[in-house]
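S.K.: one predicted model, sequence on top.
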Number of protein chains: 2
Amino acid sequence: MWKPDRQSRKPVYEQITDHLEQRIAYGEFPPGSLLPSERKLAEQLGVNRSTVILAFSELRALGIIESRSGSGTRVSQHKWGATPRHTPNWKRYAEGGSFLPNVPFLRRIREALQQNPSLIDFASGELSGDLSPLNEIAALMREHHYASYLGYVDPQGYMPLRQALVAYLDKYRGIQTTESSILITSGSQQSLFLITQCLLSPGDAVAIEDPSYAYSLPMFQSAGLRLFRLPVDHDGMCPDDLHALYKKHRIKMIFTNPNFQNPTGMVLHEERRAKLLEAARELGLPIVEDDPYSLTDYNGLTRPSLKSVDSTGSIIYIGSLSKIAASGLRIGWMVAPNAIVERLADARQQMDFGLSVIPQQVAAQFLSSEHFEPHLDRLRMQLLYKRDLLIEALQKELPDAVQYEIPQGGIHMWCKLIPEIHDAKLLEEAIKHGVVFVPGSVYGSDSGFVRFTFARAKTEDIGPGIARFAKALRTLTP
Amino acid sequence: MWKPDRQSRKPVYEQITDHLEQRIAYGEFPPGSLLPSERKLAEQLGVNRSTVILAFSELRALGIIESRSGSGTRVSQHKWGATPRHTPNWKRYAEGGSFLPNVPFLRRIREALQQNPSLIDFASGELSGDLSPLNEIAALMREHHYASYLGYVDPQGYMPLRQALVAYLDKYRGIQTTESSILITSGSQQSLFLITQCLLSPGDAVAIEDPSYAYSLPMFQSAGLRLFRLPVDHDGMCPDDLHALYKKHRIKMIFTNPNFQNPTGMVLHEERRAKLLEAARELGLPIVEDDPYSLTDYNGLTRPSLKSVDSTGSIIYIGSLSKIAASGLRIGWMVAPNAIVERLADARQQMDFGLSVIPQQVAAQFLSSEHFEPHLDRLRMQLLYKRDLLIEALQKELPDAVQYEIPQGGIHMWCKLIPEIHDAKLLEEAIKHGVVFVPGSVYGSDSGFVRFTFARAKTEDIGPGIARFAKALRTLTP
């Protein structure tokens, strides 16, 4: 991204003037369109707001932009060409379609992280670089020849990866399946997108956990689904209300994340698993089992999957490498009945024509390599260490202000604040203090809850990050 | 994919019986679900239909499946568990959602290619392996360290790739832009998907070429768009009707593929470009310029892009590496005004959380490497050679039965058959004779047109492929 050259003899405001004039001439900001605010531009370019104000006034003097109080700064309609030109009303297009924008809190967090990479990040649901098997993957990429075929692959995904997953699912998740039941997707995200867009119709009712990752995904609302809640406590989701919900709302599907749930970190209790499966069977309801965290169990226990005891093909199982290896591989998978896999493979083909073959080859090699198990062992120990650093910091900085259950796996910790604090105010204050988290309301909970993800921040940043959070919190509590 | 072991002492039908029982037990075919037909299974497994019939009768005797005449073979409801279990009605789910399945002809072609890889392929719109820069990419992958970062990347795409594209677009397409105006997508396909899903609303009217690639994409119909045609002849799309269409139907967007158009191979004439741009400007209409083929010009000419003369930011420009390097990289890009790029980056984030960073790194390296230009030169010569082989074969095998214009770039040739032949019958006959093409009606034309793609088939297969096609054609003409 362009930044002003502070060594240049040309004043910074002039550089910004020229830069903006160029971007406007290139069509990035067409005639009539809104420019970013002075505040936002100043943050992006790393300059004072007064410098941007000066650059804007130059552009205004040149007739290139116009400002009207209250409606921001726009590119002039009349500058570009002898006669006034009609240009598309891009704003109207950007507001078109049925696809909703991301949750405002998540967009705010993303923006804050882009503008200030030194923020301590308890928000992003991913592993830090040192937890990912970067050296192992680099070694595999040196050893193997990955560019031997670079055409479109089978709509269900690269066959050797599906073969590797058949062995993986059997060994680590107790799931017996065949390559023909597997669809490779761009992380779990695309599996959920395909399910919500292609198997359900607007107005359909679904049961989801409360709190749930699903609330952070506008795709559920974009698909026009009605969401009904099954509360989560320290034994995971409670399925008792399922029959009543079904009777009242004709539930069409159940979404659950049974192991180390996002955001609570809790594990679904054995008895509740049996109840859930029994209820789903009685009602003929499919379950979507989202299972990204099971292999992170700090004690090395094998947490069973629901799919492993699914004798009637009632479960769509979703997994991925994002939380156990690297999110940047964008490798996820779905195990589902034949009719579903074929339907979704066909739909996915239309959306993006499938995933690149290169990361699929890398993933297949990694899953079958001798690197995989030692990596998992190391990952579990490192996550446990980070979890303990987080707890230690919370006890030190906020001994009476937070309540939580201690997770035994996964990457998230769910905290209740005492007293309850306004979500938006706390997030803004935290950003000011140099730390980000996700407010609980993003996951459908009431105000006053916080999700801390401890996998992304560097080990040495966890303590200072919570100290910053505590400081932000104190500015808001009397 | 599993195949029976012909060396085994266990009879093939027994192996198939066991294999199917296992897949049913794994939930791939849940109770009550439909099994593939005997014909389809026989093709998949490479056995006689009678072998499958025998395996089915074994499964029927075991009570695992049930056949009813006219409604196919289903997995029994009562086998799996002591009491009848309710299982989800997967068929109903597979028919849910607003997303339409792929065009039947394209599904038929895909199925035929999967079942018989020895078919000569004039259907797939991609390069053969020897036209792709596999060695160059392999060399880059050995030289560079690609796994240094494997987290989620910026929603607009990996910054070094966007930087490489700024230079590429300037040098090869005359387009001046900045990284902030570029969105990296999974090929052109995902760019089109994002535009049709997120910028347009159901009921919106759009103008597309006739014939056009757009007709082969159910995404236009899935988004509820009304399609209006601008005819294509040997000077490309004729924009004369635009004003009338706009007046009558309130056109919202124009889609065009100006250089070496898919499927006709024609180039938009200079005068028509000016007319199109002028009309779009007058009406304030955005143009989507799909530009995958320009760099394949056999004479090495630089065909201008519409975007290069777009002073008002009215054009969304789409490009990709699929037709000039390798479709399996899944790297495409969009250049659009700021408001559009931000909106679509946000939506894409929700669909798949972005592309894997590895192919983006590879693409950035390749575009900036000394391999790129020599590869392009070689590609152009090889495509010209293949085009000439195709023309030679058509002249030899079908001197009076086809009419065509000779393309000067791209990978497609568009032929009119004399006399007109029924599309579906011809395709089935061609598959029987060992060759596939795409019937013209897939692109919205009348019956009796054929698209031959000459980039995918091996050089030595082009002549024999057309001989097979001619034979198939002769069986249908008196």
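M.R.: Received the coordinates, thanks.

S.K.: which residues sit against stretch A:36-48?
M.R.: A:1-4, A:12, A:16, A:35, A:49, A:51-53, A:56, A:72-73, A:115, B:338 (Cβ atoms under 8 Å, 6 or more residues apart in numbering or on different chains). C-beta coordinates here come from the backbone N, C-alpha and C atoms, glycine included.

S.K.: among the residues you listed, which are in helices?
M.R.: A:12, A:16, A:49, A:51-53, A:56, A:115, B:338 (DSSP state H).

S.K.: in the stretch 201-350 of chain A, what residue is nearest chain B?
M.R.: Nearest residue of the stretch 201-350 of chain A to chain B (Cβ to the nearest Cβ) works out as residue A:313 at 2.9 Å.

S.K.: gap between the closest residue to residue A:444 other than its chain neighbours and residue B:418?
M.R.: Closest residue to residue A:444 apart from its sequence neighbours, by Cβ to Cβ, 6 or more residues apart in numbering or on different chains: residue A:215 at 3.6 Å. As judged by Cβ to Cβ, to the nearest Å, residue A:215 and residue B:418 stand 61 Å apart.

S.K.: which member of the contacts of stretch A:36-48 is positioned nearest residue A:269?
M.R.: residue A:115 (42.8 Å; Cβ to Cβ).

S.K.: run the chain-centre distance for the helix or strand of chain A with the lowest mean pLDDT.
M.R.: Least confident helix or strand of chain A, by mean pLDDT, DSSP states H and E, is helix A:90-94 with a mean of 85. Chain-centre distance of helix A:90-94: 26 Å, with Cα atoms, centre = their mean, to the nearest Å.

S.K.: now do that helix: everything it contacts.
M.R.: Contacts for helix A:90-94 (Cβ under 8 Å, 6+ apart): A:30, A:33-34, B:199-200, B:286, B:313, B:337, B:339-340, B:342-343.

S.K.: which among the ones in helices among the contacts of stretch A:36-48 end up buried?
M.R.: A:12, A:16, A:51-52, A:56, B:338 (16 or more other Cβ atoms under 10 Å in any protein chain shown).

S.K.: reformat those residues as CSV; add pLDDT.
M.R.: Shown next, in CSV, are those (pLDDT from 0 to 100):
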residue, pLDDT
A:12, 94
A:16, 94
A:51, 94
A:52, 94
A:56, 93
B:338, 90
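
S.K.: ok, the residue most central in space within chain A - contacts?
M.R.: The centroid of chain A falls nearest to residue A:125 when counting by Cα atoms, centre = their mean (6.1 Å). Residues near residue A:125 by Cβ under 8 Å, 6+ apart: A:262, A:323, A:411-412, A:453, A:455-456.

S.K.: and those, which are buried?
M.R.: For the contacts of residue A:125, buried by 16+ other Cβ under 10 Å: A:262, A:323, A:411-412, A:453, A:455-456.

S.K.: which one of those residues is nearest residue B:477?
M.R.: The closest of the buried ones among the contacts of residue A:125, once distances to residue B:477 are taken by Cβ to Cβ, is residue A:323, at 60.0 Å.

S.K.: I'd say the closest one and residue A:292 touch.
M.R.: Yes. Between residue A:323 and residue A:292 there is a contact under Cβ atoms under 8 Å: 4.5 Å.

S.K.: just give me the closest of the buried ones among the contacts of residue A:125 to residue A:173.
M.R.: residue A:323 (14.1 Å).

S.K.: part of a strand, is that closest one?
M.R.: No. Inclusion of residue A:323 in a strand is not indicated when DSSP: H, G, I helix; E, B strand; the rest coil is applied; the result is coil.

S.K.: burial count for residue A:283?
M.R.: Residue A:283 is flanked by 18 other residues according to other Cβ atoms under 10 Å in any protein chain shown.

S.K.: which of the helices or strands spans the residue lying closest to it once chain neighbours are set aside?
M.R.: Of all residues not flanking residue A:283 in the chain, residue A:246 sits nearest, at 5.2 Å (Cβ to Cβ, 6+ apart). Assigning secondary structure by DSSP states H and E places residue A:246 in helix A:242-249.

S.K.: the closest residue to residue A:286 other than its chain neighbours in helix, strand or coil?
M.R.: Taking Cβ to Cβ, 6+ apart as the measure, residue A:286 lies nearest to residue B:88, with 4.0 Å between them; neighbours along the chain are not counted. Classification of residue B:88 using three-state DSSP returns coil.

S.K.: I'd say residue B:88 and residue A:285 touch.
M.R.: Yes. The pair residue B:88 and residue A:285 qualifies as a contact (Cβ under 8 Å) at a distance of 6.4 Å.

S.K.: overlap in contacts, the two.
M.R.: residue A:314.

S.K.: stretch A:433-441 close to chain B?
M.R.: No. Stretch A:433-441 does not reach chain B (Cβ under 8 Å from any Cβ of the partner chain); its nearest approach is 14.6 Å.

S.K.: sorry, that was for stretch A:288-306
M.R.: No. Against chain B, stretch A:288-306 shows no contacts by Cβ under 8 Å from any Cβ, the least distance being 11.0 Å.

S.K.: okay, and for the stretch 51-200 of chain A, where does confidence drop off?
M.R.: A:78-85 (pLDDT under 70).

S.K.: so residue A:107 versus residue B:277, what's the distance?
M.R.: Relative to residue B:277, and taking Cβ to Cβ, residue A:107 is found at 35 Å.

S.K.: neighbour count winner among those two?
M.R.: Each of residue A:107 and residue B:277 has its neighbours counted (other Cβ under 10 Å); residue B:277 has more, 19 against 15.

S.K.: now do the helix or strand containing that one: distance to the chain's middle.
M.R.: Here residue B:277, judged by DSSP H and E, is contained in helix B:270-283. Helix B:270-283 has its average C-alpha position 29 Å from the chain's average C-alpha position, going by Cα atoms, centre = their mean.

S.K.: what lies in contact with the very next helix or strand once past that helix?
M.R.: Next along the chain after helix B:270-283, taking DSSP H and E as the criterion, comes strand B:287-290. By Cβ under 8 Å, 6+ apart, the list of residues contacting strand B:287-290 from outside reads B:188, B:192, B:195, B:213, B:253-258, B:276-277, B:280, B:305-307, B:314-318.

S.K.: immediately after strand B:287-290, which helix or strand?
M.R.: strand B:315-320.

S.K.: using PDB, list the CA coordinates for that next one.
M.R.: Extracted in PDB, the C-alpha atoms of strand B:315-320 (Å, rounded to 0.1, in the frame of the first residue of the first chain):
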ATOM      1  CA  ILE B 315     -15.900  -0.700 -15.900                       C
ATOM      2  CA  ILE B 316     -15.400  -3.800 -13.700                       C
ATOM      3  CA  TYR B 317     -12.400  -5.500 -15.300                       C
ATOM      4  CA  ILE B 318     -11.900  -9.300 -14.800                       C
ATOM      5  CA  GLY B 319      -8.800 -11.300 -15.700                       C
ATOM      6  CA  SER B 320      -7.200 -14.600 -14.700                       C
END
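
S.K.: residue A:241: neighbour count?
M.R.: Counted with other Cβ under 10 Å, residue A:241 comes out at 15.

S.K.: contacting residues around it?
M.R.: Contacts of residue A:241 by Cβ under 8 Å, 6+ apart are residue A:230.

S.K.: do you know the pLDDT at it?
M.R.: Residue A:241 is assigned a pLDDT of 94 by the prediction.

S.K.: how near is it to residue B:146?
M.R.: Where residue B:146 is concerned, residue A:241 sits at a distance of 49 Å (Cβ to Cβ).

S.K.: where do the strands sit along the stretch 301-450 of chain A?
M.R.: Assigned by DSSP state E, counting those that start in this stretch, the stretch 301-450 of chain A shows strands spanning A:315-320, A:332-335, A:402-404, A:412-417, A:435-436, A:438-439, A:449-453.
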